[in-house]
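[1] 3D, please:
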Amino acid sequence: LHPGDPYGFALNWYGWQDPMSQVLQNQPLASYYMALAAGVLGWSEWALHFAFLLPALAAAMGIYRLARRLSANAVLTTWIALLSPVFLVSSLTVMSDITMLALWMWALNLWISGEERNCARRLAASALLAGLATLAKYFAIALVPLLFAYTLARRRRLGGWALYLMIPVVMLGAYQWWTGRLYGSGMFLNAVSYASTYGHGHGKFSLMTTGVSLAFLGGCVAATLIFAPKLWNPRWLLGGLLAAVVAAYVVYSTGVLKSYAHIRLTPANLQLLSAQMAVWLVAGVSILALVVLDLRRHRDASALLLALWIGGTFLFAGYVNWSMNGRSLLPLVAPAALLIVRQLESSQHDARNLLASCTVPLALCALLSVALLQADARFADAGREAAHRITGKYSPGTRRVWLDRKSTRLNSSHVSESRMPSSA
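    Prediction:
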């Protein structure tokens, strides 16, 4: 492939061949980085995973730096973010999400620093990183209104700083024009059209979609549940427990989870899944409650920044994106960790020993995230193991193996090489 034509090939993703420009809805920046890393380290699985640990490290450093700027316990904030399931699992993939987050964090840090010092170079560098972030994932364009709202809240007036925010817009517009010239239609608008066409099975704005989105939010930032005894007084904890019981009963009695399951659920498994969803749903609600409390307590530009950051990401992942997934919620892991620490600092008198007092909750966060990481790795390996078993059993001679997508039965036939489609 030519670097100037990253999508100039065909792919069989849906059972037939389509141009890659119509199948893929992500930008090529992470792929360019992968190719560069492979040119140095090779294409082995370990080499690529190692290469993508560097953006994860950069993202962690960016979270630490932001926490210091917002007067939170930077070490504790960073550990909560790093040990969140969505961050730990995403940081060990070779996908574009963690690359976008690293660029996002440093664009934000440079912008805040440049805005405080009125430094044109830092503002320009921030805008350039924001533009690069949009070339990793389109959602990074949300940095433009986020930074605009934050700066306007601080300065209370427009100024030359707003012009720098046009840089990522121009970069994304150039990408749209470039891919339109190459492939007949710009890929940014194609992604927008895809997200608006393919929605959730229960409707994008249904009660079920909201419940699933909140459950994903709570599960992705599991610290909000593990730190709950330190975050809330006993009355609020009791209210959250009762809400979880009611939610579990509603989810189980309506049977809505059956449409999400890819396997046949026994009544016992359905009960367990309903209870789990209810617990994480309440945890998700508690994150939104922290947003409201922080806004009421601080009433400043930093509180507005965190609120818009979390609210915008949640709304996009739950109601705009074509499906709910943990990776779409990855950008809010930093502000969620910041809100948890800010709430801990406001509820505990001895802020100096805050990190030491959180050792046990942090250890529980680590255990949960590592367990999920292991489960994710096993799930990923299942496809590879199945392929090895199938090819080992059915591949001798000239036999060709076909997978019936409707009945999922394996059928083999003696098909000549010339008649076999390239998708087989």
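[2] For this structure, give me the ranges with low pLDDT.
    1, 195-205, 259-263, 348-352, 395-424 (pLDDT under 70).
[3] the longest helix in it is where?
    helix 359-394 (DSSP state H).
[4] list the buried ones in that helix?
    Residues Pro361, Leu362, Leu364, Cys365, Leu368, Ser369, Leu372, Asp376 are the ones in helix 359-394 that count as buried (16 or more other C-beta atoms under 10 Å). Placement of C-beta: from N, CA and C, glycine included.
[5] between those residues, which is nearest Tyr394?
    Using C-beta to C-beta, Asp376 is the member of these that lies nearest Tyr394, at 28.3 Å.
[6] I'd say that closest one and Leu88 touch.
    No - between Asp376 and Leu88 there is no contact under C-beta atoms under 8 Å: 9.4 Å.
[7] what does the helix or strand that contains Leu237 contact?
    Secondary structure assignment for Leu237, by DSSP states H and E: helix 234-254. If you take C-beta atoms under 8 Å, 6 or more residues apart in numbering as the criterion, helix 234-254 is touched by 211, 228-229, 232, 257, 270-271, 274-275, 277-279, 281-282, 285-286.
[8] At the geometric centre of the chain, which residue sits there?
    Residue closest to the average C-alpha location in the chain (C-alpha atoms, centre = their mean): Arg327, at 2.3 Å.
[9] Tell me which other helices or strands the helix or strand containing that residue touches.
    Assigned by DSSP H and E, Arg327 belongs to helix 326-329. With contacts taken as 3 or more C-beta pairs under 8 Å, 6 or more residues apart in numbering; DSSP states H and E, helix 326-329 sits against helix 85-91, helix 207-220, helix 301-315.
[10] elements contacting the following helix or strand past the first one?
    Beyond helix 85-91 in the direction of the C-terminus, DSSP H and E gives the next helix or strand as helix 97-117. Helix 97-117 makes packing contacts with helix 29-41, helix 45-69, helix 85-91, helix 120-134, helix 143-155, helix 333-347 when contacts are defined by 3+ C-beta pairs under 8 Å, 6+ apart.
[11] got those as JSON lines, with distance to Ala356 and mean neighbour count columns?
    Output for these, formatted as JSON lines (distance: least, C-beta to C-beta, whole Å; neighbours: other C-beta atoms under 10 Å):
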{"stretch": "helix 29-41", "distance to Ala356": "38", "mean neighbour count": "15"}
{"stretch": "helix 45-69", "distance to Ala356": "17", "mean neighbour count": "18"}
{"stretch": "helix 85-91", "distance to Ala356": "23", "mean neighbour count": "23"}
{"stretch": "helix 120-134", "distance to Ala356": "35", "mean neighbour count": "22"}
{"stretch": "helix 143-155", "distance to Ala356": "32", "mean neighbour count": "19"}
{"stretch": "helix 333-347", "distance to Ala356": "12", "mean neighbour count": "24"}
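[12] Could you save those helices as a markdown table and add columns showing distance to Thr77?
    Listed next are those as a markdown table, based on distance: least, C-beta to C-beta, whole Å:
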| stretch | distance to Thr77 |
| --- | --- |
| helix 29-41 | 26 |
| helix 45-69 | 4 |
| helix 85-91 | 12 |
| helix 120-134 | 21 |
| helix 143-155 | 18 |
| helix 333-347 | 5 |
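[13] looking at those helices, which is closest to Ala317?
    helix 85-91 (10.7 Å).
[14] neighbouring contacts of that closest one?
    Contacts of helix 85-91 (C-beta under 8 Å, 6+ apart): 52-53, 56, 59, 81-82, 97-98, 101, 219-222, 326-327, 329-330, 333, 368-370, 372-373, 376.
[15] Pull it out as PDB, backbone CA atoms only.
    Presented in PDB, the C-alpha positions along helix 85-91 are these (Å, rounded to 0.1, in the frame of the first residue of the first chain):
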ATOM      1  CA  PRO A  85     -11.100  -1.200  33.300                       C
ATOM      2  CA  VAL A  86     -11.600   0.800  30.100                       C
ATOM      3  CA  PHE A  87      -8.100   2.400  30.300                       C
ATOM      4  CA  LEU A  88      -6.200  -0.800  31.300                       C
ATOM      5  CA  VAL A  89      -7.900  -2.900  28.600                       C
ATOM      6  CA  SER A  90      -7.600  -0.200  25.900                       C
ATOM      7  CA  SER A  91      -4.000   0.500  26.700                       C
END
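[16] Begin at 471 from now on, thanks
    Sounds good: first residue 471 from here, last item helix 555-561.
[17] centre of the chain versus it, how much separation?
    9 Å (C-alpha atoms, centre = their mean, to the nearest Å).
[18] Also stretch 793-813?
    9 Å.
[19] Report the separation between the two terminal residues of that stretch.
    Terminal residues of stretch 793-813 lie 31 Å apart, using C-alpha to C-alpha, to the nearest Å.
[20] Identify the residue nearest the residue nearest to the centre of the chain in space, chain neighbours excluded?
    Sequence neighbours aside, Asp567 is the residue nearest to Arg797 in space, at 4.6 Å (criterion: C-beta to C-beta, 6 or more residues apart in numbering).
[21] Distance check, that neighbour against Pro737.
    Applying C-beta to C-beta, to the nearest Å, the value for Asp567 to Pro737 is 36 Å.
[22] Settle it for me: which of the two has more neighbours?
    Asp567 (26 against 8; other C-beta atoms under 10 Å).
[23] before we move on, back to that, extract the C-alpha set from the helix holding Arg797 and format it as PDB.
    What follows is helix 796-799, C-alpha atoms only, in PDB (Å, rounded to 0.1, in the frame of the first residue of the first chain):
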ATOM      1  CA  GLY A 796     -16.200   1.000  26.300                       C
ATOM      2  CA  ARG A 797     -13.700   2.500  23.900                       C
ATOM      3  CA  SER A 798     -16.100   5.400  23.200                       C
ATOM      4  CA  LEU A 799     -16.100   6.200  26.900                       C
END
